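# Okay, sequence plus prediction incoming.
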Amino acid sequence: EQVFKDRSFESVSEIREAVIEAGLKRIRPCLMTISTTVFGLMPIFWTSGRGSDVMQPMAIPSIGGMAISLITLFIVPCLFCAVEEWKWSRERFSENR
C-alpha cells in the first residue's frame, strides 16, 4: 500500500506524519539490504591473497554505492516533505487571495 499515492494533505503535520510512516515502512528492508551487501563485500575488500588486485576495485564502488543508498534513505523523504509543504502552502496562499 502506497502512503502518498492519491492522497491530499490537509495540513503540514499530515505531510510530516505521512513521511514518517513511509520511512518506518522502508527503513528496515533498506538497512537489511545495505548491511548484507556491505558485510558480504568486506572479505573481498580486506583480502590480500591471489586475485585480490582484481576483486578489490570491484568491491570499493559497491560499498560506496551502498553508502549512497543509505544517504538517499534519509535525504529523499526530507526533500519530498519540503516540496509537498511548499506546494501545500502555495495552494493555501492562493486560496486566501
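Yep, it's here.

# so which helix or strand takes in the residue sitting nearest the centre point of the chain?
The residue at the geometric middle of the chain, judged as the C-alpha nearest the mean C-alpha position with CA atoms, centre = their mean, is Leu73 (1.6 Å). Assigned by DSSP states H and E, Leu73 falls within helix 52-96.

# can you give me the mean pLDDT across that helix?
Mean pLDDT, computed over helix 52-96, is 86.

# looking just at contacts, which helices and strands does it meet?
In terms of contacts (3 or more CB pairs under 8 Å, 6 or more residues apart in numbering; DSSP states H and E), helix 52-96 is packed against helix 12-46. For every residue, glycine as well, the C-beta is placed using N, CA and C.

# How much space separates the residue with the largest distance to the centre of the chain from Pro61?
The outermost residue of the chain, judged by C-alpha distance from the chain's mean C-alpha position using CA atoms, centre = their mean, is Arg97 at 37.0 Å. With distances defined as CB to CB, to the nearest Å, the gap from Arg97 to Pro61 amounts to 51 Å.

# does the residue nearest to the centre of the chain really touch Cys30, like I thought?
Yes. In this structure, Leu73 is within contact of Cys30 by CB atoms under 8 Å, at 5.2 Å.

# if I look at Leu70, how far off is Pro57?
In this structure, Leu70 and Pro57 are 22 Å apart, going by CB to CB.

# the more surrounded of these two?
Neighbour tally, Leu70 and Pro57, criterion other CB atoms under 10 Å: the higher count belongs to Leu70, 15 against 9.

# Nearest residue to the more buried one in space, please, no chain neighbours.
Ranked by CB to CB, 6 or more residues apart in numbering and with sequence neighbours excluded, the top spatial neighbour of Leu70 is Ile34, at 5.7 Å.

# Give me the neighbour count for that neighbour.
Neighbour tally, Ile34, other CB under 10 Å: 18.

# residue contacts, it?
Taking CB atoms under 8 Å, 6 or more residues apart in numbering as the definition of contact, the neighbours of Ile34 are 66, 69-70.

# now Glu91
Contact criterion CB under 8 Å, 6+ apart gives no residues in contact with Glu91.

# For the closest residue in space to Thr47 that isn't next to it in sequence, give its distance to Ala22.
Excluding the flanking residues, the one nearest Thr47 by CB to CB, 6+ apart is Met55, at 6.6 Å. Met55 sits 37 Å away from Ala22, taking CB to CB as the criterion.
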